[in-house]
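Peer 1: based on what follows, work out the 3D shape:
(chains A, B, C, D and E)
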Amino acid sequence: MVYLKSMVKSKKRLIQKPEPAPEEKIILELIQYDEKEYIRQDNLPVEELITKINPQLVNWVNVDGLHNPTIIQELGKYFCIHQLLLEDITTDHQPKSEEYEDYLFFTLKMLYRIENGVIDYEQISFVLGKDFLVSFQEKEGDMFDSFRERIRLSQGRVRKLKGDYLLYRLMDIIVDNYYNVLDAVGSQIEQIEEDVYQNPSESNFLRIQKIKKDLLFLRKALYPLRDAMNRILKDESNYIETSTIRYFSDVYDHVVHLIDSLETYKDLNSGLMDIHINSMNTRMNEVMKILTVISVIFMPLTFIVGVYGMNFDVLPELHWKYGYLGVWVLMITITITMIRYFKYKKWF
Amino acid sequence: MVYLKSMVKSKKRLIQKPEPAPEEKIILELIQYDEKEYIRQDNLPVEELITKINPQLVNWVNVDGLHNPTIIQELGKYFCIHQLLLEDITTDHQPKSEEYEDYLFFTLKMLYRIENGVIDYEQISFVLGKDFLVSFQEKEGDMFDSFRERIRLSQGRVRKLKGDYLLYRLMDIIVDNYYNVLDAVGSQIEQIEEDVYQNPSESNFLRIQKIKKDLLFLRKALYPLRDAMNRILKDESNYIETSTIRYFSDVYDHVVHLIDSLETYKDLNSGLMDIHINSMNTRMNEVMKILTVISVIFMPLTFIVGVYGMNFDVLPELHWKYGYLGVWVLMITITITMIRYFKYKKWF
Amino acid sequence: MVYLKSMVKSKKRLIQKPEPAPEEKIILELIQYDEKEYIRQDNLPVEELITKINPQLVNWVNVDGLHNPTIIQELGKYFCIHQLLLEDITTDHQPKSEEYEDYLFFTLKMLYRIENGVIDYEQISFVLGKDFLVSFQEKEGDMFDSFRERIRLSQGRVRKLKGDYLLYRLMDIIVDNYYNVLDAVGSQIEQIEEDVYQNPSESNFLRIQKIKKDLLFLRKALYPLRDAMNRILKDESNYIETSTIRYFSDVYDHVVHLIDSLETYKDLNSGLMDIHINSMNTRMNEVMKILTVISVIFMPLTFIVGVYGMNFDVLPELHWKYGYLGVWVLMITITITMIRYFKYKKWF
Amino acid sequence: MVYLKSMVKSKKRLIQKPEPAPEEKIILELIQYDEKEYIRQDNLPVEELITKINPQLVNWVNVDGLHNPTIIQELGKYFCIHQLLLEDITTDHQPKSEEYEDYLFFTLKMLYRIENGVIDYEQISFVLGKDFLVSFQEKEGDMFDSFRERIRLSQGRVRKLKGDYLLYRLMDIIVDNYYNVLDAVGSQIEQIEEDVYQNPSESNFLRIQKIKKDLLFLRKALYPLRDAMNRILKDESNYIETSTIRYFSDVYDHVVHLIDSLETYKDLNSGLMDIHINSMNTRMNEVMKILTVISVIFMPLTFIVGVYGMNFDVLPELHWKYGYLGVWVLMITITITMIRYFKYKKWF
Amino acid sequence: MVYLKSMVKSKKRLIQKPEPAPEEKIILELIQYDEKEYIRQDNLPVEELITKINPQLVNWVNVDGLHNPTIIQELGKYFCIHQLLLEDITTDHQPKSEEYEDYLFFTLKMLYRIENGVIDYEQISFVLGKDFLVSFQEKEGDMFDSFRERIRLSQGRVRKLKGDYLLYRLMDIIVDNYYNVLDAVGSQIEQIEEDVYQNPSESNFLRIQKIKKDLLFLRKALYPLRDAMNRILKDESNYIETSTIRYFSDVYDHVVHLIDSLETYKDLNSGLMDIHINSMNTRMNEVMKILTVISVIFMPLTFIVGVYGMNFDVLPELHWKYGYLGVWVLMITITITMIRYFKYKKWF
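Peer 2: Numbering: from 1, shown residues only, chains lettered A, B, ... in the order given. Model (predicted):
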């Protein structure tokens, strides 16, 4: 499980010492736009990128990869990002929002659903200033491609508005994907529910446990996200205009809804656990009943045949003409009585 | 289960692309009244409906069906409903209230009890402006018919008051129906309780699990509803007059009461679970006791008859005159002793 | 169980349609007093009662029975009681307090302990105005008789003070009776505790479950009562004088204490449940041990006697002189060894 | 258990009717001091005591025994103690603090640890005025003797300060003793923990249950105490000087720490419960394994010897020369195979 | 377990009587610096140390060992530390922060991970004044050595800033080490998880219990630490400059994150418990199935061979030619049928 490790390692510092960069490149991307213009430049070296920032336009700087501390530091210096925030950006940090003098900082988790119900994730951090938005992602590739296309084609209202609306759209896309992840968990719960009645197997138990862990992980991502969103809404940030606040409030609503669903899933999942345990107990009961029925029927019979296997000199029944027949009649009578008793007790 | 799907699919966007309308019609209904006048028009096309809105009267626009985005969009445009709200209206959303400049928005769930204890539901959203109330329902048919009749006949105070009182009455009807649904759950709990003592069967267990899910579903509907009501009461909305606030406060009280009952039912239901488990264990204990009694009685007897089935040349008891009789006396003594022991141990 | 129905029917509207009165009479009682005067009149018709209200005195109007809506309506009209409150008075409503312009409204439950540990209850509502206190009870007969006598004899301070002090005294009497009910529950817990160690029987389990339900019911009565009391204390009602607030604060303290005891009882009761389950398991263990001991001793013995019951031509032991004796020595040795083993394992 | 009764009787009114005093005497003690003077007088009649109060000195009036209502009433009258408080003093009441015009009232529980881990307690109430402190105890004998000696010898700062510091010192002594009681509970938990692994006996289970009850009792004493302390600290009482507040804040810290430890003990104790249950289950498993091993080994063997005990005319093996030997070889082979199987399954 | 004792002894007073010092020395260390100067002096006698305090520099006084009350008292007197704080410093106290007129007081736990997953800890207290920081540690040796070196070499910003930044750095180092401790717990959980599926052994159960206790201990250290940090952040201490607050806020974030991880670990660990119990039950089920299968197969067989071991004069089957063969055919048929039945029931 990809994320379990991240739960077990509670904090990994990505930048530990300001050493020279590793081989893997960091990709810098600059998208600039206003209502009329649209410029996109990829793979710019950091020094060049900085010179291109144009305060007349909305400047979206996207950073893919956090393993090169010198580039992060340089960007940090240009945008005056506080040393502590740079640490938060490059470290596995719980979602939070914080307003500084020159910008608003926001970090959260991007969740991906990959096959087999496995959940992968990536940390994304935003620094929103008066005329720029910097986004830091851990890995190349994201869920924003179709949105980039919408900007280019000037679809929707994004080109008419500022960086705060851009931030809203990106967060909305991320949070929308949470629904996909949660729905996948929901489908698994539904599947297991159908199975677990028939078959209280070890494997179903493990699936229930896995979902419990998935939900724990989602909880760790969602609760602080709600608090961070709430802080933005309450503190009336300087970097979010009043008209855009409505949109953030909508994202906040979605997060609350997600948490709500999460808690419901948690209850449903623990219900599955009850069903599993009950099924196991029912089985156990059945097994014990079979054992008891067999014992109760055959123990007396075995005793009876034992009696007439004794070698006493004087054992009159042995010499009766219908002795053998009589024993069978006796044994069949006992068996029928026993079976009737169990029927009466509703064991069958 | 109708609603389980809605729990598992945590969010379904009904309007995804502004495509042409499906076959099923959206029904628009306009009811206008004041103390003297009462006009009702059904099945109006949206363009015509808009022209008929009369600011002198209370205008209640009721929309049945949300699958035609163009109609929803047109209504939204006329009443200046924010794009985000239109999305909330057409999406499965948790209950919420939100005040905008030109109107108050409220969305909640209408619950229906259909046969076999199954709960169905439908989302209803209200937009309350100075002189209008728009209600959006998912499906045709609702619980307001007798109330429409009361308006027409000018029964009660509704004709003397404004749209806020109309909203109160509609919400009161909806919340009143929650009591029916909750009472049905309560009756089921009562029924199961009588059964479960006699018969800790799998089917009772499933019924308990089903009620647990019903209560989860109701909780998801009621808690956000309480919060939404509370926000209306605290924020002193511009669209609800001070004299009407009392009424909303009464609905709020009912919701609190419902939540209270809900929690009690939850506890009663989990008590049923305990009873079920205890019954199962009691049964198990009984089965084990029977098995043990039978074993404890017949094992020694079988051993004794085995002894005298041995073929030793020298086995004096076999040649005693009253050997066989003696063995029976011994065995009966053992049996009686055992039974007395179990009586003493209170196993019977 | 009397109250279970009230839990299962979450809300019963007593006045549904303003129909003519049923046979059972509603009893109206008027007690008027100040430091010098004391007048008591029973069974007044409502029209006459209204004319007798004297603003110079404290007027206590007590209504026994709520099934006649016309009388309730008439009283409501005279004292200007809001329509919603009249509904609350005649409906099963959770405890609440609410201040209106002309009066303070308070509703709570009166609890009675009737024999066999059964709890009965009745709803009582108060409307406290400047110079009157109206109390509405569901049934005839209450716990205030000795207090009425105290008023008449001018014992204590009640005749020197106003209606707010009268309300305090009535509520104090009601809340004091809660202690009796709770103490009865406590005694039952104590009794069961002594039983349950000896005897983990089904009947004890049922008694534990019943107490759980009683506590649930009490919780439903007490928590909203605390909140209602708290609201009175915080909101500085116009109808309670500053000097009387101390007394209400004392009642509030009692309610908090009751809740505290309630929670303790809940924990003690769930402790009983643990004891019951543990006793059952201990029993089960014992049964299993007996079964195992018997099996482990007799199975080898039965096997041995079986060996010498075989009919082989060549079976030398059968022809030994001390063969039979030897077998007995062997079997007794095995038995003693087994018993020692179980002693060592501390099974006895 | 001494305190269980107090939990089960939730409220006992000590003064029910103002009757003449019982035989047991109430002991009144007056300690007066300032920096220079120190006067102690015991066994004063109440009338005399009152005349001796000297506003120039700190007057500590200590009352041992609450069963004589006339003395309590007389003291109450002299110090203007509110009737409701006198009731609280003589009744079993949860800890609380309340500020009146002329004094600060505080009531809490004094805990004693008596042998066998039994906890005893006594209620103590304080009334702190400008120049006096009255303390009411249920029984003679307390934990303040060495402190009285310190006052007499003018050790520490108590003689230089006022009645509020005196109150702090008394409360500090009481709360310090809570640590002893809690430590005793902790030691018991430690002891049981060592036992319970070896021996999941009924008696350990009962000890765990008893500790659970002790902790419940302590919780009932500590939580309201914290709230009462907190109210003193927040409300800036007129009867506690700013410089003394620090000291009360320290006591508050101790109470919070005690609650913290209490909760930890609760968790540790419920952990013991888990261990007990797990041990019982492990035992059960072992018993079942023994039963199964014995059955699985001896059932086939008994069957085999049964086969050759049959009396068929034609049963060729019986006449083989090595038939008997062969049967033994077969049976030993089966036994070894079974044992190997169980070894492989890790049952031994 | 080192810390269990500290949990069981809830409070140990280290200074109980102001007696002469024990043999073990208290080590006093003085580090003074500003941007230009750096002086370090070890093992100073307390009288000399006091004379060296230089208000122009940052003075860090580090005290290793708290067992000599006279030294603590002398330092306390010089820095005007309140008597209650000196008690807190030398006593096992929960983390707290408190602002006094002349300094800010902070106490918390330093956690060490020592081998075998055992957690050790030590209490550290800070007194931060205008120009000094005094740190009190229980034992010699700490985690600050590399940081001392950084100060000496003037690495980072510490030499440019004041005592508040010094305090931040020390606390950051301490809290960073919490991550190590928590990660160690996390690794253990991961290890156990792999084991517990294979082997629901007693030892795994004990490891789960031990982790539960570790987490309890960490919780006791972390929750009050969060509250203490929070109080510093909210109260705007005079001893922490506005620019340094950001840093403390970062430490606070880490503590919140640690608590978050702690709770997740708690849930994961209780999940392990479920797995353990489920594995045990599954085993039990398997054992019971084996027992039942063996009984169900061999009981009828043993009965059959018993039948033909009877000694009746008239028992015709015994004299049939293929009687013996027929019995074998019968018995094999029965066995195969049984096995098929169990296959059908999915017992294998």
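Peer 1: would you agree residue A:40 falls within a strand?
Peer 2: Yes: when classified by DSSP: H, G, I helix; E, B strand; the rest coil, residue A:40 is found to be part of a strand.
Peer 1: which residue is the nearest non-sequential neighbour of it?
Peer 2: Of all residues not flanking residue A:40 in the chain, residue A:31 sits nearest, at 5.0 Å (CB to CB, 6 or more residues apart in numbering or on different chains). Placement of C-beta: from N, CA and C, glycine included.
Peer 1: interface residues of the stretch 101-250 of chain A facing chain B?
Peer 2: Residues of the stretch 101-250 of chain A lying close to chain B by CB under 8 Å from any CB of the partner chain are A:179, A:182-183, A:186-187, A:189-190, A:197, A:246-247, A:249-250.
Peer 1: and the two most separated of those?
Peer 2: Using CB to CB, the pair of those lying farthest apart is A:197 and A:246, separated by 46.1 Å.
Peer 1: would you mark the buried spots in stretch A:164-173?
Peer 2: For stretch A:164-173, burial by neighbour count (16 or more other CB atoms under 10 Å in any protein chain shown) applies to A:164-172.
Peer 1: measure residue A:28 to chain D for me?
Peer 2: Note on residue A:28: its distance to chain D, by CB to the nearest CB, to the nearest Å, is 50 Å.
Peer 1: I meant to write residue A:56 there.
Peer 2: Taking CB to the nearest CB, one finds residue A:56 at 55 Å from chain D.
Peer 1: pretty sure that residue sits against residue A:35.
Peer 2: No: under the criterion of CB atoms under 8 Å, residue A:56 makes no contact with residue A:35, lying 11.3 Å away.
Peer 1: I figured the residue nearest to residue A:40 hits residue A:54, correct?
Peer 2: No: with contact defined as CB under 8 Å, residue A:31 does not reach residue A:54; the gap is 11.6 Å.
Peer 1: rewinding a little: which of the residues of the stretch 101-250 of chain A next to chain B sits closest to chain E?
Peer 2: Chain E lies nearest to residue A:197 out of those, by CB to the nearest CB, at 14.2 Å.
Peer 1: for the strand or helix carrying the closest one, buried residues please.
Peer 2: For residue A:197, the element it lies in under DSSP states H and E is helix A:163-198. For helix A:163-198, a neighbour-count test (16+ other CB under 10 Å) marks A:163-172, A:174-175, A:178-179, A:181-183, A:185-186, A:188-189, A:192-193, A:196-197 as buried.
Peer 1: same check, this time on stretch A:213-228
Peer 2: Within stretch A:213-228, judged by 16+ other CB under 10 Å, the buried ones are A:213-225, A:228.
Peer 1: what's the answer for stretch A:29-48, then?
Peer 2: Using 16+ other CB under 10 Å as the test for burial, stretch A:29-48 gives A:29-33, A:44, A:46.
Peer 1: quick one on the thing from earlier: run through the neighbouring helices and strands of the following helix or strand past the helix holding residue A:197.
Peer 2: Reading on from helix A:163-198 to the C-terminus, the next helix or strand found by DSSP H and E is helix A:202-235. If contacts are counted by 3 or more CB pairs under 8 Å, 6 or more residues apart in numbering or on different chains; DSSP states H and E, helix A:202-235 sits against helix A:2-8, strand A:96-99, strand A:104-114, strand A:118-128, helix A:163-198, helix A:242-307, helix E:242-307.
Peer 1: how about 10 Å then?
Peer 2: For helix A:202-235, the packing partners by 3 or more CB pairs under 10 Å, 6 or more residues apart in numbering or on different chains; DSSP states H and E come out as helix A:2-8, strand A:96-99, strand A:104-114, strand A:118-128, helix A:163-198, helix A:242-307, helix E:163-198, helix E:242-307.
Peer 1: okay, now the unreliable bits of the stretch 101-250 of chain A?
Peer 2: Within the stretch 101-250 of chain A, the set of residues satisfying pLDDT under 70 is empty.
Peer 1: and the residue of it nearest chain C?
Peer 2: residue A:200 (21.0 Å).
Peer 1: what does chain A have sitting close to chain C?
Peer 2: Residues of chain A that fall close to chain C, judged by CB under 10 Å from any CB of the partner chain: A:295, A:302, A:306, A:309-311.
Peer 1: can I get the residues you listed in JSON lines with pLDDT?
Peer 2: Converted to JSON lines, those look like this (pLDDT from 0 to 100):
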{"residue": "A:295", "pLDDT": "91"}
{"residue": "A:302", "pLDDT": "92"}
{"residue": "A:306", "pLDDT": "92"}
{"residue": "A:309", "pLDDT": "89"}
{"residue": "A:310", "pLDDT": "89"}
{"residue": "A:311", "pLDDT": "88"}
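Peer 1: let's see if you can find the most crowded of those.
Peer 2: Counting neighbours by other CB atoms under 10 Å in any protein chain shown, the top entry in the residues of chain A next to chain C is residue A:306, with 30 neighbours.
Peer 1: so how far is chain E from the residue in the stretch 51-200 of chain A positioned nearest to chain D?
Peer 2: Evaluated by CB to the nearest CB, the stretch 51-200 of chain A has residue A:200 as its residue closest to chain D, separated by 18.1 Å. For residue A:200, the distance to chain E equals 9 Å [CB to the nearest CB].
Peer 1: ok, and the closest non-adjacent residue to that residue?
Peer 2: Closest to residue A:200 by CB to CB, 6+ apart is residue A:279, at 3.4 Å.
Peer 1: report the contact partners of that neighbour.
Peer 2: A:196-201, A:204, B:202, B:205 (CB atoms under 10 Å, 6 or more residues apart in numbering or on different chains).
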